[in-house]
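Asks: whatever this is, show me its structure:
(one chain, ligands or ions: 2)
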Amino acid sequence: MIRSNLHTHTTFCDGKNTPREMVEAAIKRGFHSLGFSDYGYVWFDKQSGSMSSESMLSYPYVIDGLKAEYSGVIDIFKGLENDSCQLHNPKSYDYTIGSVHYVVKDGVRYRVDHSPERLEDAIVKGFGGDSMLLALAYFESVAAFASTEHADIMGHFDLVRLYNHGNLYFDEYSETYRNAARQALQAVIRSGKYLEVNTGILFNELSGEPCPALFLLDYARQMNARVVVSSGAHSAKQLDFGFAEMEQLLWDAGFTEIYEFTKNGFAPVPLAAPQPQGQPAQKTPTAKEHTAKEHTAEEHTAEEPASEKSPPAKRGGFSRRRRQAAMAADEPIAAAEEEAGAQDAAAEEEAAQPGTFDSMDIEELAFEEEEDE
Ligand SMILES: [Zn+2]
Ligand SMILES: [Zn+2]
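Replies: Numbering: from 1, shown residues only. Ligands and ions are numbered 1, 2, ... in the order given. Model (predicted):
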């Protein structure tokens with residue numbers, strides 16, 4: 001099991017828990033490391049959820065304090081989520097996550113992940129009602145950001161589809177969309193940046209796809225992308241949301257290792273083979289325990305996949321099989337919504353019970369449901 005998370009938010013921005021509460025929760029969950037990535041100040045949008053300029057000043061001191069206080073217990077890292085529209089100096093942080101939240105058209109910044117209303121506003125006012133143009137502009141921004149030095153990790157790669165349930169605005173199955181996404185992914189991988197595989201978006205979207213979507217995960221594997229798994233946690237409960245399922249999806253895509261941040265920088269960690277149902281999960285070694293040689297951006301050369309029609313061999317794959325079945329169906333989203341609906345119903349039933357209800361419960365319910373197939 002992955003016991004680390006580099007994309008987490010606290011009360012310094014729009015997170016629900018203080019940094020200390022996050023650290024305590026991470027320790028309880030058996031984490032060996034925790035990275036904070038509060039959202040760098042964005043001046044032009046009062047609804048951004050970013051840190052204030054004042055918070056930006058105290059944030060590093062608080063995280064450094066926790067780093068020293070918990071030394072020997074858990075490795076704490078001071079990161080920053082750097083918005084493509086307002087860049088902060090990455091040198092002040094252990095690592096930075098580069099994120100595109102806005103597409104810029106004719107000098108106006110339009111937010112794509114705040115609400116359906118703001119997305120629609122962007123489509124109408126910025127792109128004359130053509131939602132595909134907005135999606136293409138989003139991926140152009142991702143590719144452009146990849147060429148800068150302001151991020152080590154590219155965050156939530158295809159965030160633009162957050163409110164695109166059921167292909168409501170643009171067709172994610174079209175070659176126009178997929179080619180743009182693949183081109184941006186190539187730019188990210190060739191830049192030497194790490195690719196975030198974000199489990200947090202699973203909270204909000206109904207297509208049942210991870211972030212990046214499955215076709216992009218396959219492509220990323222073929223391009224030898226170096227991936228980092230994180231949840232974009234906005235509360236302590238979300239610290240390891242979806243990690244077990246994501247490990248399975250990565251394994252199915254052919255990944256054998258992921259990357260974690262350590263005191264010596266990014267290091268590969270082997271991905272533990274998923275265990276058959278009912279058997280205890282194998283512990284994923286920490287980056288420190290893993291002795292494989294460290295890779296650097298220079299050593300890493302992205303390769304063109306031989307053919308997109310020759311995906312890597314699949315191993316296991318209960319989650320993936322279900323999702324692919326939904327994707328291949330004539331009404332793919334109806335199938336996915338049915339699945340999500342079943343999970344929602346189960347989650348509601350669980351929530352009605354006394355005791356704690358958190359993301360782990362949702363995960364377990366989802367897995368139990370899979371077993372029934
Ligand atoms: Zn973000
Ligand atoms: Zn974030």
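Asks: list the buried residues for stretch 26-39?
Replies: For stretch 26-39, a neighbour-count test (16 or more other Cβ atoms under 10 Å) marks A26, R29, F31, H32, S33, L34, G35, F36, S37, D38, Y39 as buried. The way it works is simple: take the backbone N, C-alpha and C, and place the C-beta from them, glycine included.
Asks: of all these, which two lie farthest apart?
Replies: H32 and Y39 (24.7 Å; Cβ to Cβ).
Asks: nearest residue to the residue of the stretch 101-250 of the chain found nearest ligand 2 in space, please, no chain neighbours.
Replies: Residue of the stretch 101-250 of the chain nearest ligand 2, by Cβ to the ion: G232 (4.6 Å). Excluding its sequence neighbours, the residue lying closest to G232 (Cβ to Cβ, 6 or more residues apart in numbering) is G200, at 3.3 Å.
Asks: look up how far R221 lies from that neighbour.
Replies: Distance of G200 to R221, given as Cβ to Cβ, to the nearest Å: 21 Å.
Asks: which of these two has more residues huddled nearby?
Replies: Higher neighbour count among G200 and R221: G200, with 22 against 19, using other Cβ atoms under 10 Å.
Asks: show the average pLDDT along the strand of greatest length in the chain.
Replies: Determined from DSSP state E, the single longest strand within the chain is strand 75-83. For strand 75-83, mean pLDDT is 98.
Asks: stretch 267-279 too?
Replies: Stretch 267-279 comes out with an average pLDDT of 79.
Asks: show me how far the helix or strand hosting L249 is from its chain's centre.
Replies: Assigning secondary structure by DSSP states H and E places L249 in helix 243-253. Distance, stretch centre to chain centre, for helix 243-253: 13 Å (Cα atoms, centre = their mean, to the nearest Å).
Asks: list the helices and strands that helix packs on?
Replies: If contacts are counted by 3 or more Cβ pairs under 8 Å, 6 or more residues apart in numbering; DSSP states H and E, helix 243-253 sits against helix 214-222, strand 227-230, helix 318-328, helix 359-371.
Asks: what's the next secondary structure element after that helix?
Replies: Counting by DSSP H and E, the next helix or strand C-terminal to helix 243-253 is strand 257-262.
Asks: just for the stretch 251-373 of the chain, where's the confidence low?
Replies: Residue ranges of the stretch 251-373 of the chain with pLDDT under 70: 276-373.
Asks: the residue nearest the centre of the chain and Y59, how far apart?
Replies: Nearest to the mean C-alpha position of the chain, by Cα atoms, centre = their mean, lies N198 at 1.4 Å. N198 sits 22 Å away from Y59, going by Cβ to Cβ.
Asks: same question for F157.
Replies: In this structure, F157 and Y59 are 25 Å apart, going by Cβ to Cβ.
Asks: can you give me the end-to-end distance of stretch 258-268?
Replies: One end of stretch 258-268 to the other measures 6 Å (Cα to Cα, to the nearest Å).
Asks: next one: stretch 13-26
Replies: With Cα to Cα as the measure, the ends of stretch 13-26 fall 19 Å from one another.
Asks: next: stretch 257-275.
Replies: 16 Å.
Asks: which positions in the protein make contact with ligand 2?
Replies: Taking Cβ under 5 Å from the ion as the criterion, the chain approaches ligand 2 at residues E81, G232.
Asks: in the chain, which spans are strands?
Replies: 33-36, 75-83, 95-99, 102-105, 108-111, 153-154, 194-198, 227-230, 257-262, 265-270.
Asks: in a markdown table, list those along with distance to I123.
Replies: Output for the strands of the chain, formatted as a markdown table (distance: least, Cβ to Cβ, whole Å):
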| stretch | distance to I123 |
| --- | --- |
| strand 33-36 | 34 |
| strand 75-83 | 21 |
| strand 95-99 | 20 |
| strand 102-105 | 10 |
| strand 108-111 | 8 |
| strand 153-154 | 24 |
| strand 194-198 | 23 |
| strand 227-230 | 29 |
| strand 257-262 | 35 |
| strand 265-270 | 37 |
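Asks: between those strands, which one is closest to D121.
Replies: Closest among these, using Cβ to Cβ: strand 108-111, at 7.0 Å.
Asks: gap between the closest one and the chain center?
Replies: Strand 108-111 has its C-alpha centroid displaced from the chain centroid by 22 Å (Cα atoms, centre = their mean).
Asks: got the contact list for it?
Replies: With contact meaning Cβ atoms under 8 Å, 6 or more residues apart in numbering, strand 108-111 is reached by 44-45, 47-48, 85, 101-104, 118-119, 121-122, 125-126, 134.
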